[in-house]
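Trainee: Below: sequence and its predicted model.
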Amino acid sequence: MLRQNSTDLVRVGILVLPLSGLLTLAGMLSSYGEPEARVDVKAAAQAATSTGYFISQLVNIVSLIALIFGVMALAAYLANTRARAVALVAMVSSIVGIGLMLPILGLRAYALPAVGLAYLDGQEDAVAIVNIIFDNALATVIYVLVVAIYSLGFLLFGVAIWRSGVLRKPPAIALALHAPLLSSFIRPQTSLASIVGVLLFILGSTFICLGVLRRPFPE
């Protein structure tokens, strides 16, 4: 009975993977095409102070939190296969990458609206704060590090799925390729690359879920 409950929990957890992807897609599409501060400062400030912007950032944060449970479930599913060691490292790297993304999204959700409101209230120097947060050498190094750790985690998940022998191989490719594309969504403006990345993630994770639901739990 205990094993059956654990198996059911793992399967439910893996179902969170495509759900996380759908939440991320919704959050990104709701903010896609927003004006950039370097092009139109006033329009960017107005967008950042809107309710829709704040909700879209919260949706992105919730999607990342959900993703943590999804990758833990996927690693648990692969734990009894020949790829268990790779899956464990993949889980750790993915969770570390997600954890590093969350503070960045927190800045976008809470700091940018405050800066935008200050600018609209006449404090034009507030724009410099955005440059300090997102457009300096240290921020670039941190961004590259976060992308590398997150991408490594899902690249290893792709390898683990490929080697496991219990899931189909094509979804592993989509899961591995999505990471460097989707990671760009921690930038203030949503890019086309990040949308392509999340679509790959949704596609790959959906087929992984179908595979998990159709096959017996690995023993």
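Mentor: Everything's here; your move.

Trainee: Centre-most residue in this structure?
Mentor: Centroid-nearest residue in the chain: L64, 5.2 Å away (criterion: CA atoms, centre = their mean).

Trainee: got a list of what the residue nearest to that one when sequence neighbours are not counted touches?
Mentor: Leaving aside its sequence neighbours, L64 sits nearest to I98 (CB to CB, 6 or more residues apart in numbering; 5.2 Å). (Glycine included, C-beta is placed from N, CA and C.) By CB atoms under 8 Å, 6 or more residues apart in numbering, the contact list for I98 reads L64, L67, I68, V71, Y150.

Trainee: any low-confidence regions in the protein?
Mentor: Low-confidence segments of the chain (pLDDT under 70): 1-6, 33, 35-39, 183-189, 216-219.

Trainee: Give the buried residues for stretch 72-86.
Mentor: Using 16 or more other CB atoms under 10 Å as the test for burial, stretch 72-86 gives M72, A73, L74, A75, A76, Y77, L78, T81, A83, R84, V86.

Trainee: Spatially, what comes nearest to the second one if we skip its sequence neighbours?
Mentor: Among residues not flanking A73 along the chain, G13 sits closest, at 2.6 Å (CB to CB, 6+ apart).

Trainee: if I look at that neighbour, how far off is I142?
Mentor: As defined by CB to CB, to the nearest Å, G13 lies at a distance of 29 Å from I142.

Trainee: Have a look at those two and say which one is more surrounded.
Mentor: Shown here are G13 and I142; by other CB atoms under 10 Å, G13 has more neighbours (21 against 15).

Trainee: still on that earlier bit, so which of the buried residues of stretch 72-86 comes closest to I104?
Mentor: Distance to I104 across the buried residues of stretch 72-86 (CB to CB) is lowest for M72, with 21.5 Å.

Trainee: got a list of what that closest one touches?
Mentor: G13, M91, I95.

Trainee: SS state for F201?
Mentor: Secondary structure assignment for F201 (DSSP: H, G, I helix; E, B strand; the rest coil): helix.

Trainee: hmm, back to that, wait, doesn't the residue nearest to the centre of the chain sit right on M101?
Mentor: Yes: the criterion here is CB atoms under 8 Å, and L64 meets it with M101 at 5.9 Å.

Trainee: Sketch out the helices for the protein, chain order is fine.
Mentor: For the chain, applying DSSP state H gives helices covering 2-31, 41-48, 51-77, 84-106, 112-120, 127-134, 137-164, 170-182, 192-214.

Trainee: Could you look over the ones you listed and pick the most buried one?
Mentor: Ranked by mean neighbour count under mean count of other CB atoms under 10 Å, those are led by helix 170-182, which reaches a mean of 21.

Trainee: Output that helix in PDB, but only the C-alpha positions, please.
Mentor: In PDB, the C-alpha atoms belonging to helix 170-182 read as follows (Å, rounded to 0.1, in the frame of the first residue of the first chain):
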ATOM      1  CA  PRO A 170      12.300  12.100 -28.600                       C
ATOM      2  CA  PRO A 171      10.800  13.900 -25.500                       C
ATOM      3  CA  ALA A 172      14.300  13.800 -24.000                       C
ATOM      4  CA  ILE A 173      15.600  15.900 -26.900                       C
ATOM      5  CA  ALA A 174      12.800  18.500 -26.400                       C
ATOM      6  CA  LEU A 175      13.400  18.700 -22.700                       C
ATOM      7  CA  ALA A 176      17.200  19.200 -23.100                       C
ATOM      8  CA  LEU A 177      16.900  21.800 -25.900                       C
ATOM      9  CA  HIS A 178      14.300  23.900 -24.200                       C
ATOM     10  CA  ALA A 179      16.500  25.000 -21.300                       C
ATOM     11  CA  PRO A 180      18.900  27.500 -22.900                       C
ATOM     12  CA  LEU A 181      16.000  29.100 -24.800                       C
ATOM     13  CA  LEU A 182      13.500  29.300 -21.900                       C
END
